[in-house]
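Novice: coords please:
(one chain, ligands or ions: 3)
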Amino acid sequence: MNTVIIGAQWGDEGKGKIVDLLSAGSDMIVRFQGGANAGHTIKVGNEQTILHLVPSGILHPGVKCVIANGVVLDPEVFLAEIEALAKKGIDISPERLAISKKAHLILPYHKSLDKAREAKRAGNKIGTTGRGIGPCYEDKAARIGIRAGDLGNADLVRSKIDHALLEKNILLKELYKFECLDPDKIAAELLEIAPRILPYIKDTEAIVHDAINADKNILFEGAQGIHLDIDHGTYPFVTSSNTVAGGATCGSGIAPGNIDEVVGVVKAYTTRVGSGPFPTELLDDAGSYLGAKGHEFGATTGRPRRCGWLDMVVVRESVRLNGLTQIALTKLDVLESLPQLKICVAYELDGKTLEYMPQVEGDLARVKPIYDTVPGFDEDISNCANYNELPEAAKNYIQKIEQISGVPVSLVSVGPGRDQTLARE
Ligand code: GDP
Ligand code: IMO
Ligand code: MG
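Specialist: Ligands and ions are numbered 1, 2, ... in the order given. Next comes the predicted model:
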């Protein structure tokens, strides 16, 4: 069984928690896009682990983890992450963790350019994570990127860095008034750490195919959210990869027909980090309440996340873009004590009612959300042991999500812990 798990909103829906949970019955977890812009949080007992690159199945002994070709890998972040995991006693040996030879590497000039561009944008920032994601995917498309598989060839690495910096140093110095970078220094630093990374670099497409042929259970872990997709998201306020479920095919080398299930992780309200249109954003007390109760601070950058009501137009778009077969609803507990809950069911734009998001840049910033208002619940639901213990108002909220999306809610998460998850029959 091959299952793709994606975030159905603007990221931080709780993908890490859901992937960790479903890893219990899985053999392999494959990250297929994005890079260290992701921050996936897993809470086991009192211990919290935040993963940026390593798949969220790593805490389950025996589960194999693959960083596939669609990921852009920052070698330094990778090494820091596996060292931190090793200190916690987690097995991070190359026998269970592999990096695709085709994954592109993020180098210091990608991070410099990312920061320089954001600094130059002044009032028009995207609010990137500064992790070099966009510039690295640009190099991939420009066919001048360095791939993990290149690391064994010092001459190739040196010549590629020289070539990349020819252009980039002119941009950094002349346009952005940033410091030039020294190609020799970058190459030396990369080649120094290369021996620690090389054992992990493998033909991961073959590893994944062998697992598929052996009928293993594989989870394909998405990063970011559908509305940050480079094609289908709220362009230009997006990330630089395809976050949609289809990204799992080109991002890991599997065929479309290999995908059996697509789980959309949906937060019970909406959040967004960085700039860009957000129709249901709450700039009032209710928004502050969600931010405080939901601890809505970025797991990668620590920035406060913008908060708003659940936007089912956003989720509906994700249903069709991904062919969602199930929804995992997270953070329902955070809605506790709000007397009324609003669900955005459609938008109004220029006197017309829209059931789907407008596709022209700028239009989403002009829509007015149309809300259904439903009763809230006062009870603390974070200790509920099964679905039937949920208050009626919480169950009604879930049913409403199912009605509007046409997709069953198979999991309901009521807290960050593994045991705070209610499975639906
Ligand atoms: P991801 O990027 O989609 O993996 O999500 P993040 O880890 O960035 O953000 C989700 C945050 O919500 C993390 O701090 C999780 O521990 C936490 N979380 C996940 N599910 C729940 C839940 O059902 N209730 C509460 N209160 N917190 C949750
Ligand atoms: P996870 O996997 C939320 C946002 C950034 C910015 C935009 C572009 O934890 O859900 P980038 O650095 O990718 O060029 O930034 O995308 N962004 C995320 N927002 N969760 C994420 O990842 C994100 N990764 C990128 O805030 O608005
Ligand atoms: Mg996150």
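Novice: I'd say Gly291 and Arg305 touch.
Specialist: Yes: with contact defined as CB atoms under 8 Å, Gly291 reaches Arg305; the gap is 6.7 Å. Heads up, the C-betas are built off the backbone N, CA and C, glycines and all.
Novice: which elements pack onto the top strand by length along the chain?
Specialist: Ordering each strand of the chain by length in residues (DSSP state E) puts strand 340-349 first. With contacts defined as 3 or more CB pairs under 8 Å, 6 or more residues apart in numbering; DSSP states H and E, strand 340-349 has these neighbours: strand 310-311, helix 312-322, strand 352-354, strand 368-375, helix 392-405.
Novice: winner for burial among those?
Specialist: strand 310-311 (a mean of 26; mean count of other CB atoms under 10 Å).
Novice: what is the mean pLDDT for it?
Specialist: Average pLDDT, strand 310-311: 98.
Novice: then stretch 138-147?
Specialist: 98.
Novice: list the beta-bridge partners for Gly7.
Specialist: Beta bridges link Gly7 to Val265, judged by DSSP bridges.
Novice: my read: it touches Gly247, true?
Specialist: No: look at Gly7 against Gly247 with CB under 8 Å: they stay out of range, at 11.9 Å.
Novice: which residue packs closest to Gln48, ignoring adjacent ones?
Specialist: Nearest non-adjacent residue to Gln48, counting by CB to CB, 6 or more residues apart in numbering: Thr41, 6.3 Å away.
Novice: right, is whichever strand or helix holds that neighbour up against ligand 3?
Specialist: Per DSSP states H and E: Thr41 is located in strand 40-44. No: shown here: strand 40-44 not in contact with ligand 3 (CB under 5 Å from the ion), separated by at least 5.7 Å.
Novice: what does the chain have sitting close to ligand 3?
Specialist: Selection of the chain residues close to ligand 3 by CB under 5 Å from the ion yields 12, 39, 299.
Novice: among those, which one has the most neighbours?
Specialist: In terms of neighbours by other CB atoms under 10 Å, the residues of the chain next to ligand 3 top out with Asp12 at 28 neighbours.
Novice: can you confirm that residue is in a strand?
Specialist: No: applying DSSP: H, G, I helix; E, B strand; the rest coil, one finds Asp12 to be coil, outside a strand.
Novice: ok, Leu321 to ligand 3 distance?
Specialist: Using CB to the ion, to the nearest Å, we find Leu321 at a distance of 20 Å from ligand 3.
Novice: tell me the pLDDT of that residue.
Specialist: The score at Leu321 is 98. That number is its pLDDT.
Novice: got a list of what the nearest residue to Val63 once chain neighbours are set aside touches?
Specialist: Leaving aside its sequence neighbours, Val63 sits nearest to Gly57 (CB to CB, 6+ apart; 4.3 Å). Applying CB atoms under 8 Å, 6 or more residues apart in numbering to Gly57 gives the contacts 19-20, 23, 26, 28-29, 63, 65, 219, 221.
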